[in-house]
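>>> just the structure for this:
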Amino acid sequence: MEHAKEAGALQQPLLPPSAMDWRGRPAHDHLGGWKCAYCILGASMLCYVAVYGVLFNLVIFLTQNGESNAAAAATVATVGGTHFLCSFLGAFLSDAFLGRFWASLIFQVLSTKVYQAWVDQVDSKDNEMYFQLVVVAILVSQLLAATVVTYIDNAGMWVWGLGLCVVTSLSSLMLFAGSLRWIRYRQVSGNPFLRNTQVLVAALRKHRLAVPKDSALLHEYKEDVSAIPGCRKLHHTCTLSFLDKAAVLEVADTSSCWRLCTVTQVEELKSFLRVIPAGISLAFGKALALVLRTCKAHTYSKGEPSFCAWYFSYWQYNCDGDICTHGVASLKCCTSGETNFSLMDHATDCAPWGRFKLFNAI
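Numbers count the residues shown, from 1 in each chain. Below you'll find the model as predicted:
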């Protein structure tokens, strides 16, 4: 029965009927769709070319300007870590206050998460195609950064190389902002950490209570409206069942959100907790890979026959986990609902799961 409910939930539109246009009016059918998604995808590719065009060559630039290898590597690790940590701040502001489009537009200077705004443009049935195209776009843009920009920089034309990154970044911003009138927006869902704290407090207050075997006895709104603004209801799952105590009804319960929460609020917290181990346990590997891929490529001879390997080593080391991490975000979004998608995606983005070894034969 639980699986049937979840399968039915996947067929629901990703956006609720309360979707809006850029002026706050109800969205029409002509808004959003793949025409906007392709614009955002192109903006995302240009942004990735700019960001990784700088990161791929930052160690070489610093060492050529007098820094030691250790100091240059530490600087690159700091820049990369700051880049990914800022994603968490942007994800929080996106879900709670700004919305995905405005957060992506404002924080484009700090993070490459432009494609987050794409999620609001496609329906849930197109999620699979969406994430496949995102991964392809990321790999293609990284390949361009690792070849074209790297070749220009290593030829000594740093002004041209960095200038190309600036031009692609500005082009990404203009393309993204140009789709403003045709994009549909989702209502912001409020502070997710406040809701998660309410679930934890309510569950601790009821730690002596038993969770009923029938999930229908847990508290949930009878109407189609979700407890979280702008989001659909989330169906009950059996994992992390101790949190279900926050939705257990008892006589002494009042309307306070600190004593009684809905199943949707509980499942929102569960979905976030499931991806925390991936982000924490593998974040250090991402920082290590950031330095290794640059240093490895710099040790290659730039003459034949290792010319191709010198370029593709950049790309090979940067493909660690992109496919897996974005796949995890897709899975969580489809199985647990779209709630806190930004937070889940940014949490898993720091996790390099394996390496893409396509060019090992070179």
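
>>> hey, let's count contacts and neighbours off CA atoms from now on
Noted.

>>> residue 221 - how many residues pack around it?
Neighbour count of residue 221, defined by other C-alpha atoms under 10 Å: 12.

>>> all further residue positions should be reported with the first residue as 44.
Let's use 44 as the start, then, which means that last one is residue 264.

>>> double-check that residue 233 belongs to a strand.
No. Assigned with DSSP: H, G, I helix; E, B strand; the rest coil, residue 233 falls outside any strand and is coil.

>>> wait, it sits on residue 139?
Yes. Counting by C-alpha atoms under 8 Å, residue 233 does reach residue 139; the two are 4.0 Å apart.

>>> now do the buried residues in stretch 204-211.
Under the neighbour-count criterion of 16 or more other C-alpha atoms under 10 Å, stretch 204-211 has 204, 205, 207, 208, 209, 211 buried.

>>> do the same with stretch 142-153
Residues 142, 143, 144, 145, 146, 147, 148, 150, 151, 153 are the ones in stretch 142-153 that count as buried (16+ other C-alpha under 10 Å).

>>> now name the helix or strand holding residue 236.
Secondary structure from DSSP states H and E places residue 236 in helix 235-248.

>>> and residue 181, which of the three is it?
The three-state label given to residue 181 by three-state DSSP is helix.

>>> other residues contacting the helix or strand residue 193 falls within?
Using DSSP H and E, residue 193 sits in helix 193-197. For helix 193-197, contacts defined as C-alpha atoms under 8 Å, 6 or more residues apart in numbering pick out 96, 99, 100, 201, 203, 204, 205, 354.

>>> my read: the first one touches residue 206, true?
Read it as residue 96. No. Counting by C-alpha under 8 Å, no contact exists between residue 96 and residue 206, whose distance comes to 10.5 Å.

>>> residues near residue 121, how many?
Neighbour count for residue 121, taken as other C-alpha under 10 Å: 12.

>>> secondary structure element for it?
Residue 121 is located in helix 112-136, with elements delineated by DSSP H and E.

>>> same question for residue 94.
Residue 94 is part of helix 77-98, with elements assigned from DSSP H and E.

>>> packing partners of that helix?
Using 3 or more C-alpha pairs under 8 Å, 6 or more residues apart in numbering; DSSP states H and E as the contact test, the elements touching helix 77-98 are helix 170-187, helix 201-221.

>>> rank the ones you listed by mean pLDDT and give me the bottom one.
Comparing mean pLDDT over the helices and strands packed on helix 77-98, the weakest stretch is helix 170-187, at a mean of 79.

>>> tilt between it and helix 77-98?
30 degrees (axes from the mean of the first three to the mean of the last three C-alpha atoms, to 10 degrees).

>>> going by neighbour count, list what's buried in helix 170-187.
Residues of helix 170-187 classed as buried by neighbour count (16+ other C-alpha under 10 Å): 170, 173-174, 177-178, 180-187.
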